[in-house]
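**Student:** show me the folded form of this:
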Amino acid sequence: MIREHRRRQVSLGVGIVILGFFAIHAAAQPGQVAPMMGPLVGWGDNFFSQAICPPGPFRAFDAGYDNSLAVRPDGSLVAWGSWEGGVLNVPSGTFSVVATTRLWSLAIRSDGTLAGWGSNYWGQTNPPAGRFIAIAAGPYNGYGIREDGTLAAWGVNSNGQLSVPSGVFIALAAGEVFGVALRPDGTAVGWGDDTNGAASPPAGTYTAVAAGDYHALLLKTDGQIVAYGSNFRGQCNVPPGDYVAIAAHGLWSLAIRSDGTLAAWGWDAAGQVSTRPPGRFVAITAGKSHGIAMPEGCWANCDGATTTPTLTVNDFVCFLNKFAAGDTYANCDGSAMPPVLNVNDFVCYVNSYAAGCP
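**Tutor:** Below is the predicted model of the structure:
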């Protein structure tokens with residue numbers, strides 16, 4: 001998050017990602033705040049309806065084990081999916097950053113303090129006092145970057161997860177029993193369980209970090225992804241290409257290519273790799289076996305009209321001309337009979353994707 005030119009950039013916690021059109025610094029938490037407000041699209045494992053996203057728009061979001069969590073424009077929280085551990089019992093108040101994982105969740109309030117809820121078997125929902133600018137949540141631990149850039153850790157310490165390195169940091173990610181963080185100079189540091197080498201990031205300069213259960217991803221300044229740690233399910237076999245965002249969870253990995261399309265690799269138990277949605281996206285997060293992404297831009301008012309009503313059939317025609325080549329957003333109702341595209345698709349598109357658009 002130290003790049004200075006106008007390239008979309010990202011960082012995340014255990015499956016949390018953000019993407020922006022500006023240089024990231026410590027004051028803006030990379031990984032959990034989207035670059036704009038918009039709707040969400042989910043796919044993959046949906047046994048607990050964790051991939052069926054409520055109507056937007058949202059400004060931050062994260063995918064957990066069998067659950068999902070997001071921040072509405074007014075700062076309130078909404079959670080969906082499995083209720084196990086009490087992860088759906090979101091607290092009241094206004095929030096800016098969220099992280100969720102197996103059985104518990106974590107969030108930064110608008111005043112910078114932390115709130116945790118859900119299972120508290122290891123004390124992970126009792127975060128330390130103080131003001132924070134970044135968070136990451138592992139199954140048994142919570143991690144945060146304080147306002148002064150130093151790291152904090154709490155929860156279980158079975159593998160040295162609480163032995164965080166000293167210094168100043170700008171981004172972090174949490175694995176199963178390890179953590180990885182980026183310093184302001186772009187170098188990466190790891191701690192905790194290093195059985196699979198996930199706590200030993202390669203030397204280099206990076207702009208983003210992501211972590212799965214036992215592997216981690218680092219995004220280089222040239223858009224290439226470095227993956228290391230366990231490769232049991234091919235989660236480190238990065239497809240060739242230029243990338244602008246990364247996410248990981250469990251035994252799979254997710255990324256946004258430079259053209260905005262999604263790439264995924266690793267374990268495909270629930271179709272989270274093979275059924276990723278088409279189109280262009282600006283932010284992503286990876287759950288255990290499901291993914292959530294924010295589509296690019298606000299396509300609804302395609303012709304940029306400012307008169308009332310702002311949304312008309314002309315916007316659908318405009319949308320087709322500008323964005324529909326190769327996309328499935330256009331044929332929103334999924335019809336297969338000719339004509340495949342009709343006014344009903346525009347109505348479907350507005351209802352499905354345009355929430356929050358002017």
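**Student:** pLDDT weak spots in the stretch 151-300 of the chain?
**Tutor:** Applying pLDDT under 70 to the stretch 151-300 of the chain flags the ranges 297-300.
**Student:** residue ranges for the helices of it, please.
**Tutor:** Secondary structure of the stretch 151-300 of the chain (DSSP state H, counting those that start in this stretch): no helices present.
**Student:** walk me through the domains of this protein.
**Tutor:** For the chain, the domain assignment from automatic domain parsing gives the residue ranges 33-295, 300-358.
**Student:** could you check how far the first one is from the centre of its chain?
**Tutor:** Between the centre of domain 33-295 and the centre of its host chain there is 6 Å, according to Cα atoms, centre = their mean, to the nearest Å.
**Student:** about what we covered before: mean neighbour count added to the domains of the chain, as TSV?
**Tutor:** C-beta: built from backbone N, CA, C; applies to glycine. Listed next are the domains of the chain as TSV, based on neighbours: other Cβ atoms under 10 Å:
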stretch	mean neighbour count
domain 33-295	21
domain 300-358	15
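**Student:** phi and psi next, for Glu84.
**Tutor:** Listed backbone geometry of Glu84 is phi -50, psi 140, with angles given as degrees, to the nearest 10.
**Student:** which one is Gly64 nearest to, not counting chain neighbours?
**Tutor:** Here the nearest residue to Gly64 in space, its sequence neighbours aside, is Thr100; by Cβ to Cβ, 6 or more residues apart in numbering that works out to 3.7 Å.
**Student:** thinking the one you found is in contact with Asn67, fair?
**Tutor:** Yes - counting by Cβ atoms under 8 Å, Asn67 is a contact partner of Thr100 at 6.1 Å.
**Student:** can you list residues touching both of those two?
**Tutor:** Both Thr100 and Asn67 are contacted by Ala79, Val87, under the criterion Cβ atoms under 8 Å, 6 or more residues apart in numbering.
**Student:** all strands of the stretch 101-250 of the chain, in order?
**Tutor:** Assignment of strands within the stretch 101-250 of the chain using DSSP state E, counting those that start in this stretch yields the ranges 104-109, 114-118, 132-137, 141-146, 151-155, 171-174, 178-182, 188-192, 206-211, 215-220, 225-229, 243-249.
**Student:** in CSV: the ones you listed, plus distance to Ser49.
**Tutor:** Written out in CSV, the entries for the strands of the stretch 101-250 of the chain read as follows (distance: least, Cβ to Cβ, whole Å):
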stretch, distance to Ser49
strand 104-109, 17
strand 114-118, 18
strand 132-137, 21
strand 141-146, 26
strand 151-155, 28
strand 171-174, 25
strand 178-182, 30
strand 188-192, 32
strand 206-211, 25
strand 215-220, 28
strand 225-229, 30
strand 243-249, 18
